[in-house]
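Asks: what's the 3D shape of this:
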Amino acid sequence: MAELLNTHVEIESLGGGRFRQTIHVAPIAYDDGGVLKRIDSNWGDSNIPERPSMVSASQLMATVADDGDLRVHPTREDSRYFEFGAPLINVGGEWVRPGFRDRVRDGNTISWTSLGNNETAFLTHAGHYIKWGIQPLKKWDRWSQFAMPVGLTGLTREGGQLFADGEPVMHLRKPVVYDLDNPLDVRQIAHEFVQQAGQWYALFTLPDLTGMSRPLVDPTLELQPDEASGKDALIYAGAADTNYGSYLDIAIGWWNSGVDEIKGLLQFDISEIPSDSTITSSDLQVRLHSESDVTARDIAIYRGLVEWWEGTENGADPGAGIDGCTWNDRNNNGSVA
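Replies: The predicted structure is shown next:
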């Protein structure tokens, strides 16, 4: 993979002793049976009438039908797939199925609008994960639950982990709802798998959405094989006692016009490395999702010297009042900032 990891650096003088350094990295690829293939996460034509849209030039192969049913092949085999259908929404105690229509395909995203224009839905493919989101446009304050029919072929499930022949191949990340007008307002969605009349459903129960102006319900069917092998979170000085362990991105920099600092935390599982090993080098590759400020910033990476918890599920005891890491408190035992 040496040629894929080649980089070149540009250094630009900004005056006053300030410089901007830009590092250009070649496009990433995935290993397909010993052959390196570039990742293309854009939806294309599948030539399958009942499943017109497809992503195949990627580590995670997927097809989607006009009605929104999605079939994901984590091993890139046609005979193995995880499938989920259009959601049922509990509005004021009544289960309704929005009739999504007007499918629009744009790059790596497919979007629909419901018949009553009450909801929009989208599917985004990002090479190694798929994101399914719903934005309630009306009556969102009456939402309480929604459910999505799911099915497995050639795979097995244990909790949120999917397996092929006993080997983990995919992880269903923690579902959340967040405010589009305040993306740092992230609230956990309780979820479970239930069976009704022989059909399995992923059932999601929404938290209190009070204070949100434009909530985006994100079931986080973000299918990422290595999610279980590490943990990540961010800590935010502007909400110093809030845990963001369920936040989907690692934010770094400043918020609120450069006043409040944000730091990202990452931890990798290195338990399989023998204790007497000597590590001569390591590489960290990250992908920029979005940028909210064009101001040049110096970003640094530091080794963490204290233990921290992503959330209450990471070993904390909710009954003891211990929550995940925050700017002020890593695990009820002092600051991690």
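
Asks: So for the closest residue to residue 57 other than its chain neighbours, what's the pLDDT?
Replies: Closest residue to residue 57 apart from its sequence neighbours, by CB to CB, 6 or more residues apart in numbering: residue 40 at 3.9 Å. Where C-beta positions appear, they are placed from N, C-alpha and C, glycine not excepted. At residue 40, the model reports a pLDDT of 79.

Asks: do the same with residue 283
Replies: At residue 283, the pLDDT value in this model is 68.

Asks: likewise residue 201?
Replies: You'll see residue 201 listed with a pLDDT of 90.

Asks: Residue 205 now?
Replies: pLDDT, read off for residue 205, is 90.

Asks: okay, now residue 205: neighbour count?
Replies: 14 (other CB atoms under 10 Å).

Asks: Could you measure from it over to residue 182?
Replies: Residue 205 sits 22 Å away from residue 182, going by CB to CB, to the nearest Å.

Asks: Below-threshold pLDDT in the stretch 51-200 of the chain: ranges please.
Replies: For the stretch 51-200 of the chain, applying pLDDT under 70 flags the ranges 139-141.

Asks: what do you get for the stretch 201-337 of the chain?
Replies: 219-230, 246-248, 257-258, 269, 271-273, 281, 283-295, 312-323, 331-337.

Asks: for it, what spans make up the strands?
Replies: 215-218, 230-236, 253-255, 260-268 (DSSP state E, counting those that start in this stretch).

Asks: How is the chain divided into domains?
Replies: For the chain, the structural domains run 1-28, 39-225, 228-337, going by automatic domain parsing.

Asks: Out of those domains, which is the most enclosed?
Replies: Mean neighbour counts were compared across the domains of the chain using mean count of other CB atoms under 10 Å; the top stretch is domain 39-225, at a mean of 17.

Asks: Run the chain-centre distance for that domain.
Replies: Distance of domain 39-225 from the chain centroid (CA atoms, centre = their mean, to the nearest Å) equals 11 Å.

Asks: next structured bit after the longest strand seen in the chain?
Replies: The residue-count maximum for a strand in the chain (DSSP state E) belongs to strand 143-153. Using DSSP states H and E, the next helix or strand after strand 143-153 towards the C-terminus is strand 156-158.

Asks: Could you spell out the sheet neighbours of that next one, each with its direction?
Replies: Sheet pairing for strand 156-158, assigned by DSSP bridges, gives strand 161-164 (antiparallel).

Asks: What strands flank the helix or strand just after the partner strand, and is each parallel or antiparallel?
Replies: Using DSSP H and E, the helix or strand that follows strand 161-164 in sequence is strand 167-171. Under the criterion DSSP bridges, strand 167-171 sits next to strand 161-164 (antiparallel) in its sheet.

Asks: measure the nearest residue to residue 263 once chain neighbours are set aside to residue 184 for me?
Replies: Once flanking residues are discounted, residue 263 sits nearest to residue 235: 5.3 Å by CB to CB, 6+ apart. Separation of residue 235 from residue 184 (CB to CB): 11 Å.

Asks: and for the two, which residues touch both?
Replies: residue 244 (CB atoms under 8 Å, 6 or more residues apart in numbering).

Asks: Isn't residue 135 up against residue 178?
Replies: No: in this structure, residue 135 is not within contact of residue 178 by CB atoms under 8 Å, at 10.7 Å.

Asks: Name the residues contacting each of these two.
Replies: Contacts common to residue 135 and residue 178, judged by CB under 8 Å, 6+ apart, are 215, 216.

Asks: In three-state terms, label the residue nearest to residue 57 for me.
Replies: Three-state assignment for residue 40 (DSSP: H, G, I helix; E, B strand; the rest coil): coil.

Asks: so who does it touch?
Replies: With CB under 8 Å, 6+ apart, residue 40 has these contacts: 55, 57, 58.

Asks: mind running it again at 10 Å?
Replies: By CB atoms under 10 Å, 6 or more residues apart in numbering, the contact set of residue 40 is 27, 55, 56, 57, 58, 108, 125, 127.

Asks: Widest-spaced pair of those residues?
Replies: Taking every pair in the contacts of residue 40 and measuring CB to CB, the maximum separation is 16.9 Å, between 27 and 56.

Asks: need the strands of the stretch 201-337 of the chain in TSV with distance to residue 152, can you?
Replies: Shown next, in TSV, are those (distance: least, CB to CB, whole Å):
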stretch	distance to residue 152
strand 215-218	22
strand 230-236	25
strand 253-255	40
strand 260-268	29
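
Asks: for these, which one sits closest to residue 88?
Replies: Among those, strand 215-218 sits nearest to residue 88 (CB to CB), with 13.0 Å.

Asks: Put the alpha carbons of the closest one into CSV.
Replies: The C-alpha trace of strand 215-218 is given here as CSV (Å, rounded to 0.1, in the frame of the first residue of the first chain):
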residue,chain,number,x,y,z
PRO,A,215,-34.2,17.6,15.5
LEU,A,216,-32.7,15.0,13.2
VAL,A,217,-33.6,11.4,14.2
ASP,A,218,-30.5,9.3,13.4
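
Asks: Pretty sure residue 109 is one of the things residue 55 touches, is it not?
Replies: No: judged on CB atoms under 10 Å, residue 55 makes no contact with residue 109 at a distance of 11.1 Å.
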